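J.: Quick one: sequence plus predicted model below, questions after.
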Amino acid sequence: MTKAELRKIYSNKRKALSAEDYAILNQQLLAQFKTVDFSCVKYIHIFLPIISRREPDTYLIINYLKANHPNITLVYPQCNFAGCSMESFVDDTDLQLAENQFGITEPVAGNIINPDNIDMILLPLLAFDKRGYRVGYGKGFYDRFIARCRTDVQLVGLSLFEPMEHIDDVNEYDRQMHRCIMPDRVWDV
Ligand SMILES: Nc1nc2c(c(=O)[nH]1)N(C=O)[C@@H](CNc1ccc(C(=O)N[C@@H](CCC(=O)O)C(=O)O)cc1)CN2
Ligand SMILES: Nc1ncnc2c1ncn2[C@@H]1O[C@H](COP(=O)(O)OP(=O)(O)OP(=O)(O)O)[C@@H](O)[C@H]1O
């Protein structure tokens, strides 16, 4: 299937989730997240969720990391829609967040860090395939951002749904994820 077809199907699958199912899936996703090895991770890049679009609730993950891995620095993306680029802001006392026009909470002030510091990126996605390719909202924000990171950056997807067999229109900029966390297991590529 193509990315455009998958965006439609998986947006609808998300909309069909009841509030109760969504809450349960997020708790299960957190339980799977806790099994990941963070020993080589000093900086982790985490998207802030669009709850209305039923994205994985990364606030649960953020709270877990702050409580259990206080030595890991959390960084959050700020989008520049003009160039489909992103900058990363550290979660420290200077950080200020606000909601943008697309309903994404993001940094508006704080300390930017260079992408080559980042050891792990948690990736939002609408769908992914068994090879670890992902489909996002289609603007290439993450493809562009990953291109600025170290080549050994760990790419970890978060998905409330199972992988599909094959995304047909993968392009030269797409990078395979190393693993994808789902509510019932971790998919290792
Ligand atoms: N929580 C979260 N943050 C993220 C992403 C994400 O998937 N989730 N992104 C992952 O890449 C980037 C944002 N990508 C986005 C791409 C499109 C739209 C959007 O609402 N598009 C409109 C059409 C906009 C237009 O063309 O003018 C739409 O789809 O209705 C929003 C965010 C960076 N931050
Ligand atoms: N490093 C890059 N430089 C220039 N263009 C890029 C780069 N990475 C991606 N693109 C372009 O951005 C667009 C991304 O489309 P694609 O359908 O792959 O988005 P996506 O992966 O679903 O979105 P996102 O990464 O925002 O979640 C494509 O047109 C692609 O050619």
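T.: That came in fine, so what should we check first? Ligands and ions are numbered 1, 2, ... in the order given.
J.: Go ahead and measure how far stretch 110-123 is from the middle of the chain.
T.: Chain-centre distance of stretch 110-123: 13 Å, with CA atoms, centre = their mean, to the nearest Å.
J.: For the protein, what lies in contact range of ligand 1?
T.: With CB under 6 Å from any ligand atom as the criterion, the chain meets ligand 1 at residues 47-50, 55, 77, 79, 102, 104, 124, 136-137, 139, 141-142. In short, each C-beta sits where N, CA and C put it, glycine included.
J.: Put the buried members of those into a PyMOL selection.
T.: In PyMOL, this line selects whichever of these come out buried by 16 or more other CB atoms under 10 Å:
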select buried, resi 47+48+49+55+77+79+104+124+136+141+142
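J.: Tell me where this protein has helices.
T.: Under the criterion DSSP state H, helices of the chain are mapped to 3-15, 19-33, 58-68, 141-147.
J.: Which of the residues in stretch 106-124 are classified as buried?
T.: 106-107, 110, 113, 115, 117-124.
J.: Can I get the residues you listed in TSV including pLDDT and distance to ligand 2?
T.: Formatted as TSV, these follow (pLDDT from 0 to 100; distance: CB to the nearest ligand atom, whole Å):
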residue	pLDDT	distance to ligand 2
Glu106	97	14
Pro107	98	18
Gly110	98	22
Ile113	98	20
Pro115	98	12
Asn117	98	19
Ile118	98	16
Asp119	98	20
Met120	98	17
Ile121	98	11
Leu122	98	13
Leu123	98	8
Pro124	98	7
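J.: with those in mind, which one is nearest to ligand 1?
T.: Nearest to ligand 1, judged by CB to the nearest ligand atom, of the buried residues of stretch 106-124 is Pro124 at 3.6 Å.
J.: Do I have it right that the closest one meets Val156?
T.: No - the pair formed by Pro124 and Val156 falls short of the contact definition of CB atoms under 8 Å, at 11.2 Å.
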